[in-house]
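**Q** What shape does this take:
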Amino acid sequence: MEVPVITVSQEKLVGGEETKRECPNCHSKRNWKNGERKTSFGIIQRFKCRDCGFRFSEKSYKDCLTTEDSQLCALLEAKKLDSATETKTVAAESGKISPELAVKIVQYELTLKNKGRSPESIRTYTGALKTLANLGANILDPLNVEHVIAKQDRWSLRAKKNYTDWYARFANKYMHMNWEKPIYKAPDKIAFQPYNIEVEQLIAGSPRSVSIACHIAKETAARIGEVVRIEWVDIDSKNNLIAINHPEKGSYTGVYSASNELMSRIIALPRKTDRILGTASTDSIDNMLLTTRKKLAVNLNNKRFLQLHFHSLRHWKLTKLALETKDPFTVQQFARHHDMKITMKYINLARAIAKQSDSDEWIIRAVKTVDEAIELGQVGFTPYMMIEGVQLVRKRK
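**A** Below you'll find the predicted structure:
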C-alpha cells in the first residue's frame with residue numbers, strides 16, 4: 001500500500017493579522033504573532049506567515065547591527081566606562097562576556113573577514129568563542145577554556161572536539177599562544193539514510209523555496225550553502241544543466257544534469273535577485289525544513305522525518321550513486337571531493353546495504369537493441385547477465 005503524500009499547501013491556514021513588515025519569503029502581509037525572541041538588543045517580536053509558514057522577526061538581526069567599525073569603536077569606548085554602564089552600552093555582547101573579551105572577539109571577526117573567510121565560517125568561529133565566554137570561560141586563558149570544555153557533561157565527544165578545534169584556531173593562529181589542545185576522539189557515526197519515498201514526501205510536503213532547494217540537492221547532492229548561492233547565470237535551461245560555482249568545504253565546482261521537472265520549477269521562480277532562491281539563506285531554509293519535517297512526522301506517522309536534515313539528501317544521493325555504479329572515482333567526481341577517504345564512507349555504506357538487499361529490490365529489463373541499451377543506461381541501468389543470448393540490465397528500486 002502506497003503511503004499518501006501530504007503537502008503543506010493542503011492545510012487550511014486561518015487567522016493572521018496585517019503587519020507592517022511583509023513576509024521575507026512570499027511577501028504576504030497576512031501574518032500572526034508567533035512568540036518573542038530575547039536577544040542582546042532586547043525582546044524582538046516573532047511572526048509566522050499564514051501563506052507559506054515562514055517565521056521571521058519584526059526587526060531583522062541585520063537591522064539591529066551597526067557597521068563592524070562602529071561596533072569596535074563602541075566596544076573600545078565601553079572599556080572607559082564604569083562597570084554599571086558597561087553592560088548597557090556594549091550592545092553587541094550579552095551574558096557573561098566582559099568588554100575586554102568582547103573587543104577581542106570583534107577584532108578576531110574583522111581579522112577573519114580580512115583573511116577572506118566566508119560569513120558562515122566567521123559566524124561559526126566567533127560563535128564558539130561567545131558560547132565559551134557565556135559558560136564562564138576566559139578565552140584569553142587556554143587552561144581555563146580547557147577546563148570549561150572538559151566539565152560540560154552534556155556535550156558529546158564530537159561537540160567537545162569541535163569547540164576545541166575552533167578555540168585552537170583563535171588561540172594559536174590569532175593570539176599565538178602555542179596552546180597544546182586536548183585530544184577528543186569522536187567516533188564517526190553512520191549518516192542517516194532516508195528512504196526514496198521519504199525524499200519524495202519531503203519535496204512534495206515542503207514550502208516552495210524549501211521544496212526546490214531539496215529537489216536540487218536530490219539531483220546534485222549539493223550542500224545547503226551551495227544551493228542558496230546558485231545564481232541565474234548558473235542555470236542552463238536549454239541543456240538542463242545546473243552549475244555549482246560556489247562550493248563549500250574546499251570542494252571542486254561542478255555541472256549537473258537536471259530533470260525536466262526540476263528545470264521547469266526553477267524557471268518558474270520569480271527573478272527578483274541574482275540568486276534563484278532570492279533572499280533565502282541557509283538559516284531560513286533550515287528553519288522552514290525543521291517545521292516541515294515535524295508536520296510530516298505527525299501527518300504521516302513517521303518519526304524518521306525528525307532525523308532528516310538537509311545534508312541527509314547529499315548522503316542519500318551519494319549512497320544511491322555508489323550502489324548503482326560501484327565506482328569510487330565516479331562518486332568522488334560527482335561529490336566534488338578532494339579526498340578519497342571521504343568518498344569511501346559512501347562506498348562502504350553502499351556495500352553494506354547491498355549485502356542486505358533482496359533480489360526483489362531490483363528492476364530488471366531485457367535489452368534487444370543498441371538504442372534500448374543506451375536509453376536504459378542513461379537512467380541508471382547496468383549490465384546484469386546474459387540468458388539465451390539476451391542481455392539483462394538492472395537498477396535498484
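
**Q** Give the next helix or strand downstream of the longest strand anywhere in the chain.
**A** In the chain, assigned by DSSP state E, the strand with the most residues is strand 30-39. Going down the chain from strand 30-39, the next helix or strand is strand 42-49, by DSSP states H and E.

**Q** who touches that following strand?
**A** 16, 19, 21, 23, 25-26, 28, 30-37, 54-59 (CB atoms under 8 Å, 6 or more residues apart in numbering). C-beta coordinates here come from the backbone N, C-alpha and C atoms, glycine included.

**Q** Just the strands from the stretch 1-150 of the chain, written as ranges.
**A** 17-18, 30-39, 42-49, 55-57 (DSSP state E, counting those that start in this stretch).

**Q** nearest to Ser237, of those?
**A** strand 42-49 (29.2 Å; CB to CB).

**Q** What residues of that closest one count as buried?
**A** 44, 47-49 (16 or more other CB atoms under 10 Å).

**Q** ok, now stretch 198-214?
**A** Going by 16+ other CB under 10 Å, stretch 198-214 has these buried residues: 198-199, 201-214.

**Q** Among those, which one sits closest to Lys189?
**A** The closest of the buried residues of stretch 198-214, once distances to Lys189 are taken by CB to CB, is Glu198, at 19.2 Å.

**Q** re earlier: okay, the buried residues of strand 42-49 in JSON lines with pLDDT and distance to Ala150 next?
**A** Formatted as JSON lines, the buried residues of strand 42-49 follow (pLDDT from 0 to 100; distance: CB to CB, whole Å):
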{"residue": "Ile44", "pLDDT": "80", "distance to Ala150": "35"}
{"residue": "Phe47", "pLDDT": "83", "distance to Ala150": "41"}
{"residue": "Lys48", "pLDDT": "83", "distance to Ala150": "40"}
{"residue": "Cys49", "pLDDT": "82", "distance to Ala150": "44"}
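
**Q** nearest to Thr291, of these?
**A** Nearest member of these to Thr291, counting by CB to CB, is Lys48, at 9.0 Å.

**Q** is that closest one in a bridge, and if so with what?
**A** When bridges are called by DSSP bridges, Lys48 pairs up with Trp32, Arg55.

**Q** Next one: it relative to Pro207, how far apart?
**A** 12 Å (CB to CB, to the nearest Å).

**Q** for Gly254, same thing?
**A** 27 Å.

**Q** ok, now Pro194?
**A** The value you get for Pro194 to Pro207, if CB to CB is used, is 19 Å.

**Q** Go ahead and confirm Glu22 touches Lys29.
**A** Yes: counting by CB atoms under 8 Å, Lys29 is a contact partner of Glu22 at 5.0 Å.

**Q** who touches Ser121 in this structure?
**A** Leu112.

**Q** where does the stretch 51-200 of the chain dip in pLDDT?
**A** 58-96 (pLDDT under 70).

**Q** can you give me the helices in it?
**A** Remark: helices assigned in the stretch 51-200 of the chain by DSSP state H, counting those that start in this stretch are 61-64, 68-78, 83-89, 99-114, 119-134, 142-150, 157-168, 196-205.

**Q** Asp371 is nearest to which of these?
**A** helix 196-205 (27.7 Å).

**Q** right, and the strands of the stretch 1-150 of the chain - which one's nearest Glu372?
**A** Once the strands of the stretch 1-150 of the chain are compared by CB to CB, strand 42-49 is nearest, at 49.2 Å.

**Q** Could you export the closest one as PDB, CA atoms only?
**A** Listed next in PDB are the C-alpha coordinates belonging to strand 42-49 (Å, rounded to 0.1, in the frame of the first residue of the first chain):
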ATOM      1  CA  GLY A  42      16.100  43.400  23.700                       C
ATOM      2  CA  ILE A  43      12.900  41.400  23.100                       C
ATOM      3  CA  ILE A  44      12.000  41.100  19.400                       C
ATOM      4  CA  GLN A  45       8.500  40.000  18.200                       C
ATOM      5  CA  ARG A  46       8.400  36.900  16.000                       C
ATOM      6  CA  PHE A  47       5.800  36.400  13.300                       C
ATOM      7  CA  LYS A  48       4.600  33.500  11.200                       C
ATOM      8  CA  CYS A  49       3.300  33.800   7.600                       C
END
